[in-house]
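>>> Return atomic coordinates for the entry below.
(2 chains)
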Amino acid sequence: MGNVNATPYRVVPGPEGLLPPAATIMGVPLPEEGEGLVEGRITTEEEALEAAATAMLTRKNPTLFPGPMIIWGWNEHTREKAQPFFEVANEIPGVRIIPMPDYRPIYPKIDPEAVINPCHPNLTIWHNKIEACVLIGVHCHYANITLKMIRAGTNCYTIALCAEAGHEDAMASVPNFDAEKVVRFRDALIKVKKNGIKPLYEGTGIIPSGWAQIAKLKGEIPIKPREASIDGEARGAFSHELVTGLDETAE
Amino acid sequence: MSLETIKPSPGFHNYLPKEYQDLIEDGPFHQKRKVSELGSFKEAIEEHPMCAGCAMTLFIRLVYLGLPSLEHSVIVGTAGCGRLAITQGAVPFIYGNYGDTNCVASGLKRGLDIRFKDTPKDVIVMAGDGGLADIGFHAVMHSWFRKEKFTTIMLDNEVYGNTGGQESGMTQKGMVLKMAPNGKKFEKMDMLGLAKTSGVAYTARISPTNPTKVVNTIRKAVLIAREVGPTYIQAYTSCNIEYAIPTPKVMDDAREVEKDRYGYLEYFSDEAKEYWDKSEADRKKARKAQVK
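Sure thing, here's the model as predicted:
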């Protein structure tokens, strides 16, 4: 590991402000195989997994954000991670699973309880008051954007379990994260609990998030709840123009 | 880019948002949907941030219905109103820089053909008149000269609607717009004529007044592009904001414009005609055999 930890810069939970510097520009290196990254410092893989496990067990509203490379079973590598992923979830009391199924910008309105989107991940973090999260199965270029935006505007501790080189902008990251390493993360959660870390939400299981997930996990048919109607003057504020068209001669 | 990409890994189905569950269970991927079924299944695009009553959105919705295999398609677009809706679709979308959509599509199509030798992959450029006839003009023309095998669809709203109403090459002569107060001084560009001259295999001009016709035209263009060469569709998709068309009158305007000057027009090259007649005959034969 030598001099790789020479930079004094620390990648700690934000909010860092509108444009946080990219950790790589601040001299934070990427971990090699067998190593991990904790708050900008190269550590052993085990230390990084334990730091991630401690954050997920002790911070408020821990959430797993599975990305397309684990959600969609389009090849053996994605399918084989699914089972250990849920084993990890079962070891984190009070965890939520909020998926990032793809990278489409979701307009006109995101449902922050049901989904996280790389174009505005802060909305999901803010709405659910998430203070620790894991990104897994997210393509690196979108994970980079997401991690920077989360650090910019929230106080969330980010953990990037990356199938490639790892992420400097996460508070904890481990590279080459295959199914075997997902199992190791589960083991790290068990170990830190054995070592005396008391989970914040002990005795709680996975907490369903979003109306569709809640219904599905109860075995019910999901029916979208009615949204609160806008009343008073706000209703129809623009309806005149929409119905009649814009007045080209208006000053 | 296959049906496998919309099968969730074990255990994940129940955690997906409802929109994705619907796409898996009742979407357009596993079976071909018809125009008459619109509204009864989960479409590739539903929510979008386009203006109320936008004809372009209706056309884009029909394009998704017309694509012969959604799971093997990639759409390339660029800045403009259209991409606000196209990026919401459940089909991979690539954002080309303004002007280079057809360069991106050329490289993409060639790459896909090398990577997937046995499965036809469709590349469709869908952008506005500014992106294709003005700023992207050179790239469009050269992709046609090179006989690149993909479809170019122009969402022709005859204005730069997204930036406040500047005239484009496709604006009608004499048209006064917010940012063209003296009126346009030149004729509307003859992109169909240019396409024909450049050796495009199939061209069509269309309005979104007849959904079935739009869907069939899209399907035809994409299938011909797969086998023969470049295809081009020019679709009238009015901008009700910049042209001050009252929302309920958008389709009336489309019908009027279609009647006056934008009527349905299609052109096949000889090779495209031969291919299309043969494939239609084969399809009819197969359907008859299925009935028997």
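
>>> Any chance you could list what contacts the helix ranked longest in chain B?
Taking DSSP state H as the criterion, chain B has its longest helix at helix B:270-291. Contact with helix B:270-291 is made by B:201, B:202, B:220, B:223, B:224, B:227, B:228, B:229, B:231, B:268, as judged by C-beta atoms under 8 Å, 6 or more residues apart in numbering or on different chains. Where C-beta positions appear, they are placed from N, C-alpha and C, glycine not excepted.

>>> surely the fourth one meets residue B:66?
Read it as residue B:223. No: taking contacts as C-beta atoms under 8 Å, residue B:223 lies outside contact range of residue B:66: 10.3 Å.

>>> from the chain's centre, how far out does stretch B:179-196 sit?
Centre-to-centre, stretch B:179-196 and its host chain are 21 Å apart (C-alpha atoms, centre = their mean, to the nearest Å).

>>> Quote the end-to-end distance of it.
Stretch B:179-196 stretches 32 Å from its first residue to its last (C-alpha to C-alpha, to the nearest Å).

>>> buried sites along it?
Using 16 or more other C-beta atoms under 10 Å in any protein chain shown as the test for burial, stretch B:179-196 gives B:180, B:184, B:188, B:189, B:191, B:192, B:194, B:195.

>>> Skipping its backbone neighbours, what lies nearest the fourth one in space?
The spatially closest residue to residue B:189, leaving aside those adjacent along the chain, is residue B:169, at 4.2 Å (C-beta to C-beta, 6 or more residues apart in numbering or on different chains).

>>> What does the pLDDT read for the residue in the stretch 151-292 of chain B positioned nearest to chain A?
Distances between the stretch 151-292 of chain B and chain A by C-beta to the nearest C-beta are smallest at residue B:246, namely 4.0 Å. What the model reports as pLDDT for residue B:246 is 93.

>>> correct me, but it touches residue B:253?
No: if you go by C-beta under 8 Å, residue B:246 and residue B:253 don't touch, sitting 9.1 Å apart.

>>> overlap in contacts of the two?
Common neighbours of residue B:246 and residue B:253 (C-beta under 8 Å, 6+ apart) are residue B:240.

>>> residue contacts, the nearest residue to residue B:7 once chain neighbours are set aside?
Counting by C-beta to C-beta, 6+ apart, residue A:73 is the residue found nearest to residue B:7 once chain neighbours are left out, at 5.1 Å. Contacts for residue A:73 (C-beta under 8 Å, 6+ apart) come out as A:79, A:82, B:4, B:7, B:8, B:9, B:10, B:12.

>>> Angles on the backbone of residue A:73, please.
Reported as degrees, to the nearest 10, the phi and psi values for residue A:73 are phi -90, psi 60.

>>> Look up how far residue B:176 lies from it.
56 Å (C-beta to C-beta, to the nearest Å).

>>> Now do the SS call for residue B:20.
helix (DSSP: H, G, I helix; E, B strand; the rest coil).

>>> So what's the residue count around it?
By other C-beta atoms under 10 Å in any protein chain shown, 25 other residues sit near residue B:20.

>>> what's the nearest residue to it if we skip its chain neighbours?
That would be residue A:101: by C-beta to C-beta, 6+ apart, it lies 5.1 Å from residue B:20.

>>> Quick check: the one you found is in a helix.
No: counting by three-state DSSP, residue A:101 is not found in a helix; it is coil.

>>> Need the pLDDT of residue B:52.
88.

>>> so it touches residue B:248, yeah?
No: Residue B:52 lies out of contact with residue B:248 (C-beta under 8 Å); the separation is 10.0 Å.

>>> give me the low-pLDDT residue ranges for chain B?
Low-confidence segments of chain B (pLDDT under 70): B:1.

>>> Backbone dihedrals for the residue nearest the centre of it, please?
The centroid of chain B falls nearest to residue B:153 when counting by C-alpha atoms, centre = their mean (4.3 Å). Backbone torsions for residue B:153, taken as degrees, to the nearest 10, come to phi -110, psi 120.

>>> What residues does it make contact with?
So residue B:153 contacts B:63, B:124, B:125, B:126, B:127, B:218, B:221, B:232, B:233, B:235 (C-beta under 8 Å, 6+ apart).

>>> Swap in 6 Å and give it another go.
By C-beta atoms under 6 Å, 6 or more residues apart in numbering or on different chains, the contact list for residue B:153 reads B:126, B:233.

>>> Tell me where the chain has strands.
You didn't say which chain, so I picked chain A. Assigned by DSSP state E, the strands in chain A fall at A:35-38, A:41-44, A:62-66, A:96-97, A:132-136, A:157-161, A:172-174.

>>> That was the other one, I meant chain B.
Ranges of strands in chain B, per DSSP E, are B:73-77, B:93-95, B:122-128, B:151-156, B:202-206, B:231-236, B:265-268.

>>> At the contact with chain B, which residues of chain A appear?
Along chain A, the residues adjacent to chain B under the rule C-beta under 6 Å from any C-beta of the partner chain are A:71-74, A:78-79, A:82, A:86, A:97, A:99, A:101, A:104-105, A:107-108, A:114-115, A:212-213, A:216-217, A:222, A:242, A:244-246, A:248.

>>> Go again with 7 Å.
Counting by C-beta under 7 Å from any C-beta of the partner chain, chain A comes close to chain B at A:70-74, A:78-79, A:82-83, A:86, A:97, A:99, A:101, A:104-105, A:107-108, A:111, A:114-115, A:210, A:212-213, A:216-217, A:222, A:224, A:242-246, A:248.

>>> Buried ones among these?
Buried by 16+ other C-beta under 10 Å: A:70-74, A:78-79, A:82, A:86, A:97, A:99, A:101, A:104, A:107, A:111, A:114-115, A:210, A:212-213, A:216, A:222, A:242, A:245-246, out of the residues of chain A next to chain B.

>>> Restricting the selection to alpha carbons, write stretch A:141-160 to PDB.
Coordinates of each C-alpha in stretch A:141-160 appear next as PDB, following Å, rounded to 0.1, in the frame of the first residue of the first chain:
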ATOM      1  CA  HIS A 141     -20.300   5.900 -15.000                       C
ATOM      2  CA  TYR A 142     -23.800   6.200 -13.400                       C
ATOM      3  CA  ALA A 143     -22.500   5.200  -9.900                       C
ATOM      4  CA  ASN A 144     -19.900   8.000 -10.200                       C
ATOM      5  CA  ILE A 145     -22.600  10.600 -10.800                       C
ATOM      6  CA  THR A 146     -24.900   9.200  -8.200                       C
ATOM      7  CA  LEU A 147     -22.100   9.100  -5.500                       C
ATOM      8  CA  LYS A 148     -21.100  12.700  -6.200                       C
ATOM      9  CA  MET A 149     -24.600  14.000  -6.000                       C
ATOM     10  CA  ILE A 150     -25.300  12.100  -2.800                       C
ATOM     11  CA  ARG A 151     -22.100  13.500  -1.200                       C
ATOM     12  CA  ALA A 152     -22.900  17.000  -2.500                       C
ATOM     13  CA  GLY A 153     -26.400  17.300  -1.000                       C
ATOM     14  CA  THR A 154     -26.900  14.700   1.800                       C
ATOM     15  CA  ASN A 155     -25.400  13.300   4.900                       C
ATOM     16  CA  CYS A 156     -25.600   9.800   3.600                       C
ATOM     17  CA  TYR A 157     -22.700   7.300   4.100                       C
ATOM     18  CA  THR A 158     -22.200   5.800   0.700                       C
ATOM     19  CA  ILE A 159     -20.900   2.300   0.100                       C
ATOM     20  CA  ALA A 160     -20.000   1.200  -3.500                       C
END
